[in-house]
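S.K.: structure, please.
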Amino acid sequence: MKHPNAEIRALIYAQAITVSVGTNESGNALSSVDLYPGGIVESIIVAQDYCSGMGVVCQAALAGLYDINDLPAVWEWGSVSALNQTGVAEEVVDTMSIEIEQGLITVDNSTISAVHREYFEIPSGFSYTPQVGILSLGQGGDGTKPFNYVTGQNFPGYLATQNITSSNSFGLHYGSASLGLGGSLVWDGYDQSRVIGKIGVFQHYQQGDLVVPLLLDIQIGVENGTSPLNNSNSITSLLQLNESFNGFQSTIVNPLVPYFFLPETCANIAQHLLVKLQPDIGLYIRNTDDPQTKRVVQSPTYPALVFQSTSGYLTIKIPFQLLNLSLEPSIVSLQQKYFPCQPFHASDGSGNYYLGRAFLQATFLSINWDSGNFFLAQGPGPAAAEPNIKSIQPKDTNLDSDPISGFLTAWNKTWTPLASQSQSTNTDTSAKPPGNNTSKAFPSKRGGLSDRLRAGIGDLDEKEAGTVYKEAGGEGLPHETPTDSRVHEM
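M.R.: Residues are numbered from 1 along each chain as shown. Purely as a prediction, here's the structure:
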């Protein structure tokens, strides 16, 4: 029987999803942890022994650590990913609970990767440790994963198989904590106020449950007024292919990673900005001493990504104000503003690019695991409309959206146009077909819950911090290639 409120939702408007994990003999939760939404199949949660022996302040403890309580491992993995990641974890099943507006939702036998050690190495050879784990957003099929003696589950699949919700699906928009727009996560539906203009409809990539849209071009434009970039209101053909894909670039949308991973394309975008690549960290640092930097960030200027979907061209605009992020010690010695685009070549030789949480600040993402479709659309700005929750049915292959005019409306009070008499370029987000855009190149902090006890998402508050722990060449980590890396590839 369905819940009395058939449209049960996890509405996320604060800055981190707080999840209770495990239970003791009295039925009380053993751990409380904050998680980013974004994993596939299993949730990734930092175990209590993660901070042991670090010799420095363990920032991950601020988001909560998981008391694994001597659970037997059902699988162990090591990993290598877009972030040059290494580590050791074991997969277990345990109770997970989330407090949402309709009450407490509990899933027994939740599939969890309990992380004992994990490091992301930067080009200098130093490594930092992540601070926040990952909440699974489901998987294809019935949302279960069989092991030798037990079957693991995740929230959206469990809710659907128990007939609590209509479909195994979700809608997600990260928003921006620094601009006062909290995130939105809805299971079994989506918040239409986070869906602006045309919706791109894509077939889900079944192998590994990946979200892989085809990228056709990257452009720079201005929504209203004159561009601060050499008076050029439109810059196109910035995309360079990592591999030859016959005019398009295979791109993985992955909320587990923070940046845009666009090898030579990063340099093409950066040449129009006051940024400089800092090789030891692999990121572009902004020149904050030049007043032009502030003009660019505060103006209605954006990079735009043009995709090919089954419904035609789709353009996602990401205002530079969302990309004015901060690096915190100890990745750098002093706080520095940076542009979150990282030169990167897929270590698996696939040539794929990655779009991480920086992209999802401005982008709505939804997956209907039942129909095999995923959806991308323009997200709103800080003055988003009031929530308007819609259901997703198992056979739905399209969603509803708000008018494209809502994009300018939601950003208007935040931007400072350079020439207000100019006409807005705010047109349908299907945009124009890209031009000659495929030139070939070489192959949480703790806290944030609102007083309404909604779950909260994504501490993407202009900061990307971590704990530097070891130098390259130091004692290595136990590592093996995972037999199933879906949790790292969304």
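S.K.: remind me which residues of the stretch 351-490 of the chain are low pLDDT?
M.R.: For the stretch 351-490 of the chain, the stretches flagged by pLDDT under 70 are 419-490.
S.K.: where along the stretch 201-350 of the chain do the helices fall?
M.R.: 263-270, 291-298 (DSSP state H, counting those that start in this stretch).
S.K.: what sits against residue 143?
M.R.: Each residue near residue 143 by C-beta atoms under 8 Å, 6 or more residues apart in numbering is listed here: 153, 154, 156, 157, 158, 160, 161, 168, 369. In this view, the C-beta of every residue, glycine as well, is placed from N, C-alpha and C.
S.K.: and the strands in the stretch 1-150 of the chain?
M.R.: Listed in chain order, the strands of the stretch 1-150 of the chain (DSSP state E, counting those that start in this stretch) span residues 17-23, 29-39, 43-46, 75-77, 85-100, 103-121, 127-129, 133-136, 144-146.
S.K.: over to the stretch 301-450 of the chain?
M.R.: Using DSSP E, counting those that start in this stretch, strands in the stretch 301-450 of the chain cover 301-309, 312-317, 325-327, 336-339, 341-342, 353-355, 363-368, 373-378, 389-391, 439-440.
S.K.: picking that back up, which of the strands of the stretch 1-150 of the chain has the lowest mean pLDDT?
M.R.: The stretch with the lowest mean pLDDT among these is strand 75-77, at a mean of 42.
S.K.: turn the strands of the stretch 1-150 of the chain into CSV, including mean neighbour count and distance to residue 218.
M.R.: Listed next are these as CSV, based on neighbours: other C-beta atoms under 10 Å; distance: least, C-beta to C-beta, whole Å:
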stretch, mean neighbour count, distance to residue 218
strand 17-23, 23, 31
strand 29-39, 23, 23
strand 43-46, 28, 30
strand 75-77, 18, 34
strand 85-100, 21, 26
strand 103-121, 20, 25
strand 127-129, 22, 28
strand 133-136, 28, 27
strand 144-146, 16, 36
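S.K.: so which of those gets nearest residue 52?
M.R.: strand 103-121 (8.9 Å; C-beta to C-beta).
S.K.: tell me how far the closest one lies from the chain's centre.
M.R.: 17 Å (C-alpha atoms, centre = their mean, to the nearest Å).
S.K.: where does residue 291 land on pLDDT?
M.R.: For residue 291, pLDDT reads 94.
S.K.: now the contacts of residue 143: which count as buried?
M.R.: 153, 154, 156, 157, 158, 160, 168, 369 (16 or more other C-beta atoms under 10 Å).
S.K.: what's the closest of the residues you listed to residue 298?
M.R.: Distances from residue 298 to those, taken as C-beta to C-beta, are shortest for residue 156 (38.4 Å).
S.K.: what strand or helix carries the closest one?
M.R.: helix 155-161 (DSSP states H and E).
S.K.: which other helices and strands does that helix contact?
M.R.: strand 103-121, strand 169-173, strand 184-187 (3 or more C-beta pairs under 8 Å, 6 or more residues apart in numbering; DSSP states H and E).
S.K.: can you list the helices of the stretch 201-350 of the chain in CSV and add mean neighbour count and distance to residue 278?
M.R.: Formatted as CSV, the helices of the stretch 201-350 of the chain follow (neighbours: other C-beta under 10 Å; distance: least, C-beta to C-beta, whole Å):
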stretch, mean neighbour count, distance to residue 278
helix 263-270, 20, 11
helix 291-298, 16, 16
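S.K.: lowest mean pLDDT across the ones you listed, which one is that?
M.R.: Across the helices of the stretch 201-350 of the chain, helix 263-270 has the smallest mean pLDDT, namely a mean of 91.
S.K.: so what does that helix touch, helix or strand wise?
M.R.: strand 214-222, strand 240-241, strand 341-342.
S.K.: ok, how many other residues are close to residue 315?
M.R.: Residues near residue 315, counting by other C-beta atoms under 10 Å, number 24.
S.K.: pretty sure it sits against residue 308.
M.R.: No: the criterion here is C-beta atoms under 8 Å, and residue 315 misses it with residue 308 at 11.1 Å.
S.K.: and residue 258, how far from residue 288?
M.R.: Distance of residue 258 to residue 288, computed by C-beta to C-beta, to the nearest Å: 20 Å.
S.K.: so the two - more neighbours on which side?
M.R.: residue 258 (21 against 13).
S.K.: got the phi/psi numbers for the more buried one?
M.R.: Main-chain torsions, residue 258, degrees, to the nearest 10: phi -90, psi -30.
S.K.: just checking, it touches residue 355?
M.R.: No: judged on C-beta under 8 Å, residue 258 makes no contact with residue 355 at a distance of 10.7 Å.
S.K.: so what's residue 259 closest to, chain neighbours aside?
M.R.: residue 340 (4.3 Å; C-beta to C-beta, 6 or more residues apart in numbering).
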